[in-house]
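A.B. asks: one predicted model, sequence on top.
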Amino acid sequence: MKNRIKITTFLLVLILLLTAVFGGTSVFAANSTYQKVADLNGKVIGVQTSTLYEEEIMDRCPDSKIMYFTMPPDMINALKGGKVDAYLIEEAGYYEHYKNHPELTVVPENGGDCRGTVAISGKDKQKEARLLFELNEFIAKHKEDGMLDEMYDYWIKGFDANTSVCKEVTYTGENGELRVGVEGAYEPFSFVSFGKDSGFDVDFVQRFCAEYGYIPKFDRVAFEQIAPGVETGTYDLGMNIILSDERDDAVTLTDVYYECGIFLVVLDDEYVSTTNFIESIKNNFHNTFIKEDRWKMFAQGAGLTTLITLASILFGTLFGFLLYIACRKGNKIANGFASVYNWLIDGMPTVVLLMILYYIVFGSTRVSATIVSIIGFTLIFTSSMFDMLSVGFNAVGKGQVEAACALGYSDSQSFFKILLPQAAHHFLPIAENEVVTLIKETSVAGYITVMELTKISDLVRSRTYQAFFALISTAIIYFLISGILTRLIRVLEKKIDPKRRSKDKILEGVVIEE
């Protein structure tokens, strides 16, 4: 534990030094030649996954390489780091980017048109038809009376993250709940402010639900997961789905509820930063932890990560142990099941397993994403525990069983009193690594809307457009959780070490005839 703390401290100091040396330096592209979209032909262009913006420029930039990103802030960092020469973003999203990064500018020629629609689940055809009619009626009505224009001006053109809030509405709920998939980290469309869902898309849904008798429940996910979630019935509605002919054929889409241009964003080579390193660090720290009490979000994320980890270890240990008990006598059915089970779990990426559980197995149910993630990681740790038990018991000689029988132990007594402590001495060191691996794997739970630690880090980065403290603090918390749990395993290992047990304890309950 002490060595791990020393290594962590060293890495943090090294990162701070590197940031001090390179943090104020940006790699600026000479954008004076980028006056038209075609000027970027042959360059590397960033785009957010599933937005389809690249389709708007490929005929003008056929030789360009497209690089895909999950979050807009990652595209900004890639641009500043020289990994891409430009990135595509809708006009509505660019305004907030520019507020946080005045070194950005846009190519004068428009990159295309963005038309946002709402995707509707087709699982329940009657409900699908009703929602399509109601949403189109809502859009047409409020385009005519100007409400959607007012919302666009408020959220897009005049957006201020410190003051912009959703209109207060009252839900009657006579038509039930609507589960809505929104992008969890994208100002000004959908984001978390003071622990509440906010943004243009959220405001749109809330006003619709209040007017048509629904109660909204928002799931914050990566943008590319919204459409699949609607298709499988996990969400009734998916927001901000960019209209295309292919999508219009594949899923039911409403009329367009907002439209704007698409910008090609590049770096302004004439921009000169006046912010020094110390001011930048102080600003970064304040925005990451102090502003809007965001430290509470990190605390909640760490708590949920710990809960998922502990619950998965507990249930995985129990089920893995029961599976081993069923197999240890050579039962063909149990061993066949264990073989297939381990083959499936070991061969499947964690994120794929979670998405299958969330979007397919539990797709049409209301089981929470947290419960689904616990189930998924329990399945993974069950496989790990079964393998560890097999290794541990195989390392114990058969003579131990014969000796236990000679002393008068029953099968269950010899298993728990003689074999298990010795086997644990072999598999507990392996368990340390398995627990650390499990903790790190929980970082993908955000793919199914779980607000775990990494997802919280993404949400904060999406608000601050600053990565340093959000990522470093996340790494530190993972180190601490891993250190505490591995320390507990080492304490347990010492407690059950056969070499540390007294003779009286070993022979407790055994009657030796003289």
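C.D. replies: Structure's in. What do you need?

A.B. asks: mind checking how far stretch 165-179 is from the chain centre?
C.D. replies: When distances are taken as CA atoms, centre = their mean, to the nearest Å, stretch 165-179 is centred 26 Å away from the chain's centroid.

A.B. asks: what's the end-to-end length of that stretch?
C.D. replies: One end of stretch 165-179 to the other measures 21 Å (CA to CA, to the nearest Å).

A.B. asks: ok, and what's touching it?
C.D. replies: Stretch 165-179 is contacted from outside by 193, 197-199, 202-203, 205-207, 209-210, 212-217, 219, 234-237, 366, using CB atoms under 8 Å, 6 or more residues apart in numbering. Bear in mind the C-beta positions are built from the backbone N, C-alpha and C, glycine included.

A.B. asks: give me the buried subset of those residues.
C.D. replies: 193, 197-199, 202-203, 205-207, 209-210, 212, 214, 216, 219, 234-237 (16 or more other CB atoms under 10 Å).

A.B. asks: if we can go back for a sec, among the contacts of stretch 165-179, which are in strands?
C.D. replies: 193, 197-198, 215-217, 219, 237 (DSSP state E).

A.B. asks: and these, which is closest to C61?
C.D. replies: Nearest to C61 among the ones in strands among the contacts of stretch 165-179, counting by CB to CB, is L237 at 33.7 Å.

A.B. asks: quick one: residues contacting the closest one.
C.D. replies: 118-121, 131, 178-181, 205, 230 are the contacts of L237 under CB under 8 Å, 6+ apart.

A.B. asks: and those, which of them are in strands?
C.D. replies: Using DSSP E, those in strands are 118-120, 178-181.

A.B. asks: go ahead and confirm I66 touches V47.
C.D. replies: Yes: counting by CB atoms under 8 Å, I66 does reach V47; the two are 5.9 Å apart.

A.B. asks: shared neighbours of the two, anything?
C.D. replies: E54.

A.B. asks: ok, so of the ones in strands among the contacts of L237, who is nearest L52?
C.D. replies: Nearest member of the ones in strands among the contacts of L237 to L52, counting by CB to CB, is A119, at 13.4 Å.

A.B. asks: ok, now how distant is that closest one from G146?
C.D. replies: 25 Å (CB to CB, to the nearest Å).

A.B. asks: please apply the same query to Q413.
C.D. replies: For Q413, the distance to G146 - CB to CB - is 81 Å.

A.B. asks: okay, those two: which has more neighbours?
C.D. replies: Relative neighbour count places Q413 above the other of Q413 and G146, with 16 against 10, counting by other CB atoms under 10 Å.

A.B. asks: tell me the pLDDT of F393.
C.D. replies: With respect to pLDDT, F393 has a value of 84.

A.B. asks: for the spatially closest residue to it that is not a sequence neighbour, report the pLDDT, please.
C.D. replies: Closest residue to F393 apart from its sequence neighbours, by CB to CB, 6 or more residues apart in numbering: A423 at 4.6 Å. Note for A423: predicted pLDDT of 83.

A.B. asks: since we're on Y171, how many residues are nearby?
C.D. replies: Neighbours around Y171, by other CB under 10 Å: 13.

A.B. asks: helix/strand/coil for it?
C.D. replies: Using DSSP: H, G, I helix; E, B strand; the rest coil, the secondary structure recorded for Y171 is coil.

A.B. asks: separation between it and A210?
C.D. replies: From Y171 to A210 the distance is 6 Å (CB to CB).

A.B. asks: swap in D346?
C.D. replies: According to CB to CB, D346 stands 49 Å off from A210.

A.B. asks: and what of D149?
C.D. replies: As for D149, its distance to A210 is 19 Å (criterion: CB to CB).

A.B. asks: and what of V106?
C.D. replies: V106 is 36 Å from A210, by CB to CB.

A.B. asks: related to what we said a few turns ago, which of I66 and V47 has more neighbours?
C.D. replies: Counting neighbours by other CB under 10 Å for I66 and for V47 shows that V47 has the greater number, 23 against 15.

A.B. asks: that one sits in which helix or strand?
C.D. replies: Element membership of V47 [criterion: DSSP states H and E] is strand 44-48.

A.B. asks: packing partners for that strand?
C.D. replies: The contact analysis (3 or more CB pairs under 8 Å, 6 or more residues apart in numbering; DSSP states H and E) places strand 44-48 against strand 65-69, helix 72-80, strand 86-90.

A.B. asks: okay, angle between the longest one and strand 65-69 too, please.
C.D. replies: Note on geometry: by axes from the mean of the first three to the mean of the last three CA atoms, to 10 degrees, helix 72-80 and strand 65-69 are set 140 degrees apart in direction.

A.B. asks: one more: the last one?
C.D. replies: If you take the same axes, to 10 degrees, strand 86-90 sits at 60 degrees to strand 65-69.

A.B. asks: tell me the strands beside strand 86-90, with direction?
C.D. replies: Paired strands of strand 86-90, with direction, are strand 44-48 (parallel), strand 258-267 (antiparallel) (DSSP bridges).

A.B. asks: so which residue is smack in the middle of the protein?
C.D. replies: For the chain, the residue sitting closest to the mean C-alpha position, by CA atoms, centre = their mean, is G446 at 2.1 Å.

A.B. asks: can you tell me, leaving aside adjacent residues, what's nearest to that one?
C.D. replies: Closest to G446 by CB to CB, 6+ apart is K455, at 3.1 Å.

A.B. asks: wait, a strand at that neighbour?
C.D. replies: No: K455: not assigned to a strand; according to three-state DSSP it is helix.

A.B. asks: my guess is it meets G301, correct?
C.D. replies: Yes: at 6.8 Å, K455 and G301 qualify as touching, with contact defined as CB under 8 Å.

A.B. asks: counting neighbours, go ahead and name the busier of those two.
C.D. replies: Shown here are K455 and G301; by other CB under 10 Å, K455 has more neighbours (26 against 23).

A.B. asks: can you give me the distance of the more buried one to A222?
C.D. replies: 9 Å.

A.B. asks: what sits in contact with each of these two?
C.D. replies: By CB under 8 Å, 6+ apart, the residues touching both K455 and A222 are 184, 446.

A.B. asks: which residues of this structure fall in strands?
C.D. replies: 44-48, 65-69, 86-90, 104-106, 112-120, 177-183, 191-193, 196-198, 215-221, 237-242, 252-253, 258-267.

A.B. asks: format these as TSV; extra columns: distance to Y154.
C.D. replies: Formatted as TSV, these follow (distance: least, CB to CB, whole Å):
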stretch	distance to Y154
strand 44-48	24
strand 65-69	28
strand 86-90	17
strand 104-106	23
strand 112-120	16
strand 177-183	18
strand 191-193	14
strand 196-198	12
strand 215-221	19
strand 237-242	17
strand 252-253	25
strand 258-267	12
